[in-house]
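>>> predicted model and sequence follow; I will ask about them next.
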Amino acid sequence: MSYSFIQGKRGIVFSGTTCAVTFTNPVTAGNSIFVSWDADPITLSVSTIADTVNSYTVGTPTCTIGGNSKLGFGYAFGIASGTPTVTVNYSGTLTLGQVWIEEWSGVATSAAFDGANATATAGSGSSGQTFNAGSITTTVNGDLIWGFGFNDGTQSAGCLVHGSGFATGFDDTANSGYVSEFQTQGAAGAINPSFATGTTGVINLFAVAAAFKPAGGPSTPAKGSATLIMMRKRLVGWRKRRPLKPAWVI
């Protein structure tokens, strides 16, 4: 299964109870929208995510550290074509709110969510510090493992980078200290997505990750994988147990 990051956009507000962002280009029908959000004060939560056409789910869990930011996510599958304005509705008045929206292709158009985790870590202020979102155990082969990292410290281009085995999705580090990453997981199982600091002065590190099932159903396990070997053993065992056809006497 092939997944692709199509486009991303960020919005920011310093008051009110909502933050809305409009995609720069029209989205493609059948794709997915992933929404990342930041809330200050941290006592706030997100009640709903909406646009005029698509249906969104507010994901869990969220994470917070340092008293200034709470980070979370949401998603919509099988989206309609157009140029939607995505609105994140908070539970109270914001001092600062940020929203990042991303369009992705290759995800199943319904019931695609397959697990998530979120962890906040105190930054050392040094370059090269690794931090993780926490373990996710997926249930099907070929999931898209998507996640984002964010920092509350010095925000500059490359301040955060994707983790080992991942590729960069939406890089907004120069503007907001935000970067998303992705990989295709060959076989279902546990995975703990990571990020790393790319510059010094980066503190209060946030990592949120989610798994999404592929369009067209699970992929076939790679040759030699444990999953495929087990399938073959079960098939051989079934053949051995199958009764012989009766012999006909004429």
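Sure, I can see it. Numbers count the residues shown, from 1 in each chain.
>>> neighbours of the residue nearest to residue 79 when sequence neighbours are not counted, how many?
Computed as Cβ to Cβ, 6 or more residues apart in numbering, the closest residue to residue 79 that is not its neighbour in sequence is residue 54, at 4.9 Å. In this view, the C-beta of every residue, glycine as well, is placed from N, C-alpha and C. Counted with other Cβ atoms under 10 Å, the neighbours of residue 54 add up to 18.
>>> please name the residues that touch residue 54.
Residue 54 sits next to 33, 76, 79-80, 84 when contact means Cβ atoms under 8 Å, 6 or more residues apart in numbering.
>>> dump these to JSON lines, plus pLDDT, distance to residue 117 and neighbour count.
As requested, these are exported to JSON lines (pLDDT from 0 to 100; distance: Cβ to Cβ, whole Å; neighbours: other Cβ atoms under 10 Å):
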{"residue": "33", "pLDDT": "99", "distance to residue 117": "20", "neighbour count": "23"}
{"residue": "76", "pLDDT": "98", "distance to residue 117": "20", "neighbour count": "23"}
{"residue": "79", "pLDDT": "98", "distance to residue 117": "24", "neighbour count": "22"}
{"residue": "80", "pLDDT": "98", "distance to residue 117": "30", "neighbour count": "15"}
{"residue": "84", "pLDDT": "98", "distance to residue 117": "27", "neighbour count": "22"}
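>>> which of those residues sit farthest apart?
Pairwise distances across the contacts of residue 54 (Cβ to Cβ) peak at 10.4 Å, for the pair 33 and 80.
>>> what strand or helix carries residue 180?
According to DSSP states H and E, residue 180 maps onto strand 178-184.
>>> which strands and helices sit next to the helix or strand following that strand?
Once the chain leaves strand 178-184, the next helix or strand it forms, by DSSP H and E, is strand 190-191. Applying 3 or more Cβ pairs under 8 Å, 6 or more residues apart in numbering; DSSP states H and E, we find strand 190-191 packed against strand 136-137.
>>> okay, now the sheet partners of the strand it packs on, with direction.
Applying DSSP bridges, strand 136-137 is found paired with strand 190-191 (antiparallel).
>>> chain center to the strand it pairs with, what's the gap?
Remark: strand 190-191 is offset 14 Å from the chain centroid, using Cα atoms, centre = their mean, to the nearest Å.
>>> export only the CA atoms of the next helix or strand after it, formatted as CSV.
The helix or strand immediately downstream of strand 190-191 is strand 194-197, counting by DSSP H and E. Taking C-alpha atoms only, strand 194-197 is exported to CSV below (Å, rounded to 0.1, in the frame of the first residue of the first chain):
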residue,chain,number,x,y,z
SER,A,194,9.9,8.5,17.6
PHE,A,195,11.2,12.0,16.8
ALA,A,196,14.4,13.8,17.5
THR,A,197,15.5,17.4,18.2
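>>> show me what the following helix or strand past strand 194-197 is packed up against.
Per DSSP H and E, the first helix or strand lying C-terminal to strand 194-197 is strand 205-212. Packing partners of strand 205-212 (3+ Cβ pairs under 8 Å, 6+ apart): strand 32-40, strand 63-65, strand 69-76, strand 113-121, strand 130-132, strand 136-137, strand 144-151, strand 194-197.
>>> so which of those gets nearest residue 217?
Judging the helices and strands packed on strand 205-212 by Cβ to Cβ, what sits closest to residue 217 is strand 113-121, at 12.6 Å.
>>> any stretches of the protein with poor pLDDT?
Low-confidence segments of the chain (pLDDT under 70): 1, 219-250.
>>> picking that back up, quick one: closest of the helices and strands packed on strand 205-212 to residue 12.
Closest to residue 12 of the helices and strands packed on strand 205-212, according to Cβ to Cβ: strand 32-40, at 8.7 Å.
>>> can you pull the buried residues of the closest one?
32-40 (16 or more other Cβ atoms under 10 Å).
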